[in-house]
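*Asks:* got a structure for you, letters missing:
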C-alpha cells in the first residue's frame, strides 16, 4: 500500500535471558496512514511497547534482538538501515515520548540543553536559533515563563510539566510520527486529561501522525481513529474505534471492554475481570495464547494459533471462534 | 550553589569540635608523664618534676579547661605562652626529637605529592576502564577488566610493590626507590634550590630545573603504579556498576530516541549521572592517599606521613601518633568538604533544592 507512512510487517523481537528466550513480539504487522492516530492497547507485558521500540530499534541489545520483520518508513526499511541512517530518523522523523516523565528526562542536564539538543543535531541550528525555538516549543506546550524556565533542571518541574517538556522535546524537529508510550500512566487523572487535550490540540495544529500506546481503553476512545489490541506478543484485533467498541470480536477485547466501569450502568455491579494471568512468553506460542483464559476456547484453539482475518470492513481479528454463536467461524 | 557551600561550611566547626574532642579524649588515657610531651621535651625523671609539670601545665584542672588550653594555648606564666593545637602546637615528638608539627611539615608534602600524582591515573584511567567495561557489557573488554580487577583486589600491596621493585629497579634499573636521588638532596640542602611548595616536582618546575623534575618523577613512578593498580580494582568495579545502572535508565533511551550519537549518549547523558556515586568513592580514596599509605611508603622507602606515623606508633610515641591522627582528621574533613562541593557541581538536585 503506497499511502502508508509506516508499514510494519512480521515484526519479531526476542529477549535472551538466563532463564530462556522471551518471545516478546511474535509477528506483528500494521500500517499507519499519514495524519491518523493509532491506539495500541493491551495489558502490561503484551509486547505493545516493545513492538514500537523495535520499530525505532531502541530495544536494549543485548539482551533484546529483532529477529524478523520489516518496518518501512517512506519506503525505507528502518530495520535494515545503518546505525547512522536510523539516527537521522529518530527524533527528526519519528519521535517518542515515554511513560514516566520523572525518569525520562536527564536529571543533570538543563531543560535548555535537552530541548536544543535535537535542534542542533537534526536541523543544524545555531545556539541562538535553537534557544529561540526552545522557548517557542515550551510556550506551545503551555509552560508559563518559558524563557526563565529554560535554565531549570527537570527536578524543578512537576510531573505534568515534565511531560509537557518531553512532548516539546519530541516535537522539536516537527517529526512525521509521534510514538507515545503510555505518556499519561504515571500522571494524576486531572493532569492526564490536560496532557491528552494538549496532544489533541498539537495534533490538529501540526497535522501529526500518532501511535498512542496505552492500557486505558477510555483514552483510546477519545483520541484514536483506529485501534490495535495486542495480547502475548500478537495483534489479536484491529478495527476503527467505533467498530471495536460497538462490535468487539475477540474474547480478550470483549473482556477488556467488559472490565471498564460505566457511568450509564443502572445497577451497581462488581466490575468484570478476566480470569487467569497473562501468558509467560518463554516458549514460542504454537496455540492461541489467550486460550487458557478464554471461555469460548475450542479444541482447535489449543493446537493452532489463529491468524488475523478480515471479518468486516477494516476489521481484523485473530480468533477461531465466533463469539456471537460460540462456534467455530 | 553559594548557599549550599555556606551550609556545608557551617558544619565545619561542629566536625572540628568532634575530631578534637575525640583526640583529646584519647589523650586523657595517657599518664601525665606521657602527656607532658605536649609541652616539654624531656621525659620527667622523678616524682617532683612530674608534680611540678602537673601543676604548671594544669593537668589537674577540670577537663574543659584542659581541653580549651590544649586547643588555643594558654599563659603558663607571665612571660611564657604555650600555643595550642590551633596555633600549630601538636606536642613534642620524643621519637622524632622535633615538634610533631615539624615532622608533619616535612613528611606531609611528600605524601601530598604522591597523592596528587596518583589521583590522576587512578580516577582518569579507572573511570575510563569502568565506563568502557559497562558500555561493552559482557564483551571481551568487560571480561578482561574483570580479571584485571580481581587480580588487583587480591594482590597484597607489598607483594605487588616488591614485584615491580624487582623488575623495574633491581633488573631494569629504571625507577629507583626513595623520594629523590642523593645529588638532588644535596642541592636542596645547599639552598640553591628554592623550596616554594615543598612538592619537589612543582618546585623543580618553578626553579626551572627540569633535571630535578625528571629525577623526582622517576622516583614516583613505582609507588604511583602500585597505588593505582590497587585502587583501580575498586574504582573500576564501582564505575562499571554505576554506569550499567545508568545505561538502563529511561533518560538514556530518551537520548537515543532523539537520534544522538552513541558516544554522546554515553558521555553526555549517562556518564555525568554515573559520576554521582563514584565521587564518594573517589573522595574516600583521596583521603586514604592523603592519610599516608604505610605499606607503599615502606616498600619504596618513600618518606611520607604514613611511614612516619607507623614508626611513631611502633615505638609507642602516643602523642606523636595522636598528633598525626588529629592532622589526618583535619585532612578528612577538608576532603569531605571538597567532595560535597563537587557533588554540588555534578548534581543539580543537590545544588538547587
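*Replies:* Thanks, I have the structure now. This structure is a prediction, so every number in the text was calculated from the model and none was measured. Numbering: from 1, shown residues only, chains lettered A, B, ... in the order given.
*Asks:* C-alpha only now, for contacts and for neighbours.
*Replies:* Noted.
*Asks:* and residue B:33, how far is that from residue B:53?
*Replies:* 9 Å (CA to CA, to the nearest Å).
*Asks:* Could you pick out the residues of the stretch 101-250 of chain A near chain B for me?
*Replies:* A:103-109, A:118, A:121, A:153, A:155, A:170 (CA under 8 Å from any CA of the partner chain).
*Asks:* Widest-spaced pair of those residues?
*Replies:* In those, the most distant members under the criterion CA to CA are A:121 and A:155, with 24.8 Å between them.
*Asks:* burial count for residue 164?
*Replies:* If you meant another chain, say so; for now it's chain A. Using other CA atoms under 10 Å in any protein chain shown, residue A:164 has 26 neighbouring residues.
*Asks:* was after chain B, sorry
*Replies:* Counted with other CA under 10 Å, residue B:164 comes out at 18.
*Asks:* What are the boundaries of the strands in chain B?
*Replies:* Applying DSSP state E to chain B gives strands spanning B:74-77, B:80-82, B:92-93, B:98-99.
*Asks:* Who are the packing partners of the second one?
*Replies:* Helices and strands touching strand B:80-82, by 3 or more CA pairs under 8 Å, 6 or more residues apart in numbering or on different chains; DSSP states H and E, are strand B:74-77.
*Asks:* Which elements pack onto the strand it packs on?
*Replies:* Going by 3+ CA pairs under 8 Å, 6+ apart, strand B:74-77 lies up against strand B:80-82.
*Asks:* Paired strands for the strand it packs on, with orientation please.
*Replies:* According to DSSP bridges, strand B:80-82 forms sheet pairs with strand B:74-77 (antiparallel).
*Asks:* Provide the contact partners of the strand it pairs with at residue level.
*Replies:* With contacts defined as CA atoms under 8 Å, 6 or more residues apart in numbering or on different chains, strand B:74-77 is touched by B:56-57, B:81-84.
*Asks:* Quick one: mark the members of the residues of the stretch 101-250 of chain A next to chain B that sit in helices.
*Replies:* With DSSP state H as the criterion, helices contain A:118, A:121, A:170 from among those.
*Asks:* Select from the residues you listed the one having the most neighbours.
*Replies:* In terms of neighbour count, residue A:170 stands highest of those at 29 neighbours, by other CA under 10 Å.
*Asks:* Hmm, that one is touching residue A:95, no?
*Replies:* Yes. Residue A:170 lies in contact with residue A:95 (CA atoms under 8 Å); the separation is 5.3 Å.
*Asks:* can you list residues touching both of those two?
*Replies:* With CA under 8 Å, 6+ apart as the test, residue A:170 and residue A:95 both reach A:178, B:258.
*Asks:* right, is stretch A:42-51 up against chain B?
*Replies:* No. Using CA under 8 Å from any CA, stretch A:42-51 never reaches chain B; the gap is at least 12.6 Å.
*Asks:* residues of that stretch that come out buried?
*Replies:* Under the neighbour-count criterion of 16 or more other CA atoms under 10 Å in any protein chain shown, stretch A:42-51 has A:42-43, A:45-51 buried.
*Asks:* what does it contact?
*Replies:* With CA under 8 Å, 6+ apart, stretch A:42-51 has contacts from A:11-13, A:24-25, A:28, A:40-41, A:59, A:181, A:213-215, A:229-234, A:278.
*Asks:* which residues of the chain score low on pLDDT?
*Replies:* By default, I'm working from chain A. Applying pLDDT under 70 to chain A flags residues A:1-2, A:263-269, A:326.
*Asks:* Oops, wrong one, chain B.
*Replies:* In the predicted model, chain B carries pLDDT under 70 at residues B:353.
*Asks:* which one's the longest helix in it?
*Replies:* helix B:210-247.
*Asks:* got the buried residues for that one?
*Replies:* Under 16+ other CA under 10 Å, the buried positions of helix B:210-247 are B:212-213, B:215-244, B:246-247.
*Asks:* Residue A:182 contacts residue A:101, doesn't it?
*Replies:* No. Here residue A:182 lies out of contact with residue A:101, judged by CA under 8 Å, at a distance of 10.6 Å.
*Asks:* between residue B:33 and residue B:53, what contacts are shared?
*Replies:* Listed as contacting both residue B:33 and residue B:53 by CA under 8 Å, 6+ apart is no residue at all.
*Asks:* Look up how far residue A:219 lies from residue A:176.
*Replies:* The spacing between residue A:176 and residue A:219, counted by CA to CA, is 22 Å.
*Asks:* Looking at the two, which is more packed in?
*Replies:* For residue A:176 versus residue A:219, neighbours defined as other CA under 10 Å are more numerous around residue A:176 (20 against 17).
*Asks:* tell me the contacts of the nearest residue to residue B:145 once chain neighbours are set aside?
*Replies:* In space, and not counting its chain neighbours, residue B:145 is closest to residue B:133: 6.6 Å by CA to CA, 6 or more residues apart in numbering or on different chains. Neighbouring residues of residue B:133 by CA under 8 Å, 6+ apart: B:139, B:141-143, B:145, B:240.
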